[in-house]
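In: Kindly return the folded structure for what I paste below:
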Amino acid sequence: MARLWAAQGRDLALCARRLGELELLRDRLVSAHPRITASAHPVDVLDVAAVDAAVADAVTELGGLDRVVANAGVALGGSIGSGHAEGNRTTVLTNVVGTLNQAEAALRHFRSVGRGHFAVISSMSAVRGMAGPMNTYSASKAAVASLAEGLRTDLYGTGITVSTIFPGYIRTALSDGMPNRLFTANLERGTAAIVAAIEQERPRASVPAWPWTAVGVAMRLAPLPVFRLFAGGSPNTGSSH
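Out: Residues are numbered from 1 along each chain as shown. Presented below is the predicted three-dimensional model:
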């Protein structure tokens, strides 16, 4: 996403835990697109002070923020009750509390200036509770989708917009351990679809739109025995990393 936005001439505040990789990305983007400004901020989304500092520093270095994308997430753990409790808790904390921390910092700035766009990356797994190692992950993504929906209601008419993006499977390290990965998009197509949906500031978007808009309907309507074939319902209690 950073590479696509840099190519559009957007200034960027890049946030991640691994500062070395982040600084390398920043330097490459600025070298390829000399007209942009890019800053790097070491952030663990569970560290409230680090999240707040990143937003404050980015506002100072870039002269403000027009958009914040909350896309930090993990997929750890396994079937509930099968000995993977620690991974399941980490998934909920990172995906839900981490997103809340980002929302608090971003919305504090947007409210102070009366405008802004907050984009939350949920997942198609949020449409209906998944099974096995996907159970906790899908629940966490449903939670952040509900958080974004509430924010959209709360901020209606204020000049601050909120988008919820529901990606299907995209070929990344995060998805490698997930079961039953149907309709997996390559990184380029998946990322381009996410960026396009965010640029349109749509309230909700399933991406890539084909086939995931149709798949989402099928997921909601399928009888449970059929849905389990897609949702990871099996004796497998292994972990997803």
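In: Which residues outside the strand ranked longest in the chain are in contact with it?
Out: The residue-count maximum for a strand in the chain (DSSP state E) belongs to strand 160-167. Under the criterion C-beta atoms under 8 Å, 6 or more residues apart in numbering, residues 107, 110-111, 114-124, 126-127, 144-145, 148-149, 151-152, 155, 190, 193-194, 197-198, 201-207, 212, 216 lie in contact with strand 160-167. C-beta here means a position set from N, CA and C on the backbone, and glycine is covered the same way.
In: The very next helix or strand once past that strand packs against which elements?
Out: Using DSSP states H and E, the helix or strand that directly follows strand 160-167 along the chain is helix 187-199. With contacts defined as 3 or more C-beta pairs under 8 Å, 6 or more residues apart in numbering; DSSP states H and E, the secondary structure elements packing on helix 187-199 are helix 2-7, strand 116-121, strand 160-167, strand 204-207.
In: where do the helices sit along the chain?
Out: Secondary structure of the chain (DSSP state H): helices at 2-7, 19-32, 48-62, 85-92, 98-113, 135-154, 187-199, 209-221, 224-231.
In: Quick one: distance of the second one to the chain centre.
Out: Its chain's average C-alpha position is 21 Å from that of helix 19-32, according to C-alpha atoms, centre = their mean, to the nearest Å.
In: thinking again about what came up before, save the helices and strands packed on helix 187-199 as TSV, and put in mean pLDDT too.
Out: TSV is the format used below for the helices and strands packed on helix 187-199 (pLDDT from 0 to 100):
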stretch	mean pLDDT
helix 2-7	97
strand 116-121	98
strand 160-167	97
strand 204-207	93
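In: could you dump these to a markdown table with distance to Pro42 and mean neighbour count?
Out: Formatted as a markdown table, those follow (distance: least, C-beta to C-beta, whole Å; neighbours: other C-beta atoms under 10 Å):
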| stretch | distance to Pro42 | mean neighbour count |
| --- | --- | --- |
| helix 2-7 | 16 | 17 |
| strand 116-121 | 20 | 22 |
| strand 160-167 | 25 | 23 |
| strand 204-207 | 28 | 22 |
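In: Could I get the ones you listed in TSV, plus columns for distance to Ala75?
Out: Supplementary listing: the helices and strands packed on helix 187-199 in TSV, determined by distance: least, C-beta to C-beta, whole Å:
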stretch	distance to Ala75
helix 2-7	21
strand 116-121	13
strand 160-167	13
strand 204-207	18
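In: Do I have it right that Glu201 meets Phe118?
Out: No - applying C-beta atoms under 8 Å, one finds Glu201 not in contact with Phe118, separated by 10.1 Å.
In: sorry, back to before: okay if I get the helices of the chain as a markdown table plus distance to Gly78?
Out: Putting the helices of the chain into a markdown table (distance: least, C-beta to C-beta, whole Å) gives the following:
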| stretch | distance to Gly78 |
| --- | --- |
| helix 2-7 | 32 |
| helix 19-32 | 28 |
| helix 48-62 | 28 |
| helix 85-92 | 7 |
| helix 98-113 | 20 |
| helix 135-154 | 9 |
| helix 187-199 | 25 |
| helix 209-221 | 22 |
| helix 224-231 | 15 |
